[in-house]
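[1] Here's my sequence, what's the structure:
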Amino acid sequence: MLILYLVALAVVGVVWRRPGDISQVLIVPFSGGLTAIAAMRLSAPPHHRLSPRGVMLVAFSVVLALVALTIVIPRLGGDSPVDTRPPIRHGSLLLIAGVDTNTGNGALFRFDPHAVGFSCRQTFYYSYRGRGHGGPQGDARCPIRRGAPYGKPDTTRPLRELTAALQAQLVGLPRPVVIVTHSQGGWIAWSGITTRAIRVQQLVMLAPFNEGLAPYPRPGVNGPGAAGGLAVRLVTDIGRSVGISRFDPDAPLARELPGTAGAVERLVARRLPRPVRAAAVIARGDLPLEPRAWPHGVPEACPGWLTHPGLPTSAAVTRAVNRFLDGDPLGRCPAWIAAIGHTTDAFGAPPPRA
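    Below is the predicted model of the structure:
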């Protein structure tokens, strides 16, 4: 019964998908009715019990599903090692890591520049603190020779300061410049390129987000998203207390973009200068959170069953990046994968309007 209930909710989400539209509130009576029916059925005395054979069958099915999700499906993604490396490209490669990283530590620092045609001499790492003389290499594949050492709190400084830091760090880099970002690094690059006329030829965003997931008001303010904001603060407080994260949901950048309704959407609605080519490589695990396609015809690819932090070290991703840098078409994400995101609408209220 529980499985049928969950499937029914997913169907409601697919049939009535109106993100941000007030009419989406019509989902509430349907999903509420389904919940009431399921609750009554589950609370009623059972007419019969599963036999031991039935219990074994259910357990075997669950184990089989877990094996498929953890072993079989990831292998279908074709994430095998790269056999050959492309010839060295001209210009420079600038890598912009995501939130909650620090100099030399973070998913993008493990990205292999050689796999996309750049030597360490051509590779540079963005610093959230601005210009400087480099820092500890840590997990980075190449020495960090430029930029000031930065810590996790620096990744949530105001957007204007981070874009100014990007402009300053691009000075003197041999042209053409290719920027590869991870997660929120895409926002920094998009902001810098669209507002400061930064001279960049190509932009590749790994696991970017083009909309705010769950905007929330400031602490103590009662309004749309307040309950979600309370949950976000609770989770991040736990992360900081046990030392696995330093992310503060009320830091300047967090308030400017994900915390403000419509802010991320307005940012990516700005058009890149015409000479700049851009592409988004999406983590399939992120698609249920963000099924909307990137604006302005930015091509998308989602190679293999990869998680958000798993993209920078994936050989399938570097093959997709090479295709884009070579000027070849970038394969699009299958429609049925993006449709996974439609099934989540029945589980929540319409997002607050900007």
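
[2] Need the phi and psi values for the closest residue to residue 223 other than its chain neighbours.
    Nearest residue to residue 223, sequence neighbours excluded (C-beta to C-beta, 6 or more residues apart in numbering): residue 217, at 4.8 Å. In this view, the C-beta of every residue, glycine as well, is placed from N, C-alpha and C. Dihedral angles of residue 217 (phi, psi; degrees, to the nearest 10) stand at phi -80, psi 180.

[3] quick check, residue 121 in a helix?
    Yes. Judged by DSSP: H, G, I helix; E, B strand; the rest coil, residue 121 forms part of a helix.

[4] Could you tell me how many residues sit around it?
    The number of residues packed near residue 121 is 13, by other C-beta atoms under 10 Å.

[5] Now do the same for it: its pLDDT.
    With respect to pLDDT, residue 121 scores 97.

[6] Against residue 40, how distant is it?
    As judged by C-beta to C-beta, to the nearest Å, residue 121 and residue 40 stand 69 Å apart.

[7] Okay, domains of this protein per the record?
    What automatic domain parsing lists as the domains of the chain is 1-47, 92-337.

[8] so residue 303 sits right up against residue 322, yeah?
    No. Counting by C-beta atoms under 8 Å, residue 303 does not reach residue 322; the two are 11.6 Å apart.

[9] higher neighbour count, these two?
    More neighbours surround residue 303 than the other of residue 303 and residue 322, with 25 against 17 (other C-beta under 10 Å).

[10] The spatially closest residue to residue 135 that is not a sequence neighbour: what's it in contact with?
    Spatial nearest neighbour of residue 135, chain neighbours left out: residue 149 (3.6 Å); criterion: C-beta to C-beta, 6+ apart. Taking C-beta atoms under 8 Å, 6 or more residues apart in numbering, we find residue 149 in contact with 102-103, 127, 129, 132, 134-136.

[11] Ok, residue 99 next?
    155-156, 183-184, 247, 253.

[12] for the contacts of residue 149, which one is nearest residue 287?
    For these, the closest approach to residue 287 (C-beta to C-beta) belongs to residue 102, at 28.5 Å.

[13] Quick check on that closest one: phi, psi?
    Dihedral pair for residue 102: phi -140, psi 170, per degrees, to the nearest 10.

[14] residue contacts, it?
    149-152, 154.

[15] 7 Å instead?
    Shown in contact with residue 102 (C-beta atoms under 7 Å, 6 or more residues apart in numbering): 150-152.

[16] returning to that earlier point: wait, doesn't the residue nearest to residue 223 sit right on residue 230?
    No. Between residue 217 and residue 230 there is no contact, the gap being 10.2 Å when judged by C-beta atoms under 7 Å.

[17] picking up where we left off before, could the contacts of residue 102 go into a markdown table alongside distance to residue 242?
    Below are those laid out as a markdown table (distance: C-beta to C-beta, whole Å):
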| residue | distance to residue 242 |
| --- | --- |
| 150 | 22 |
| 151 | 18 |
| 152 | 14 |
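
[18] Much appreciated, bye for now.
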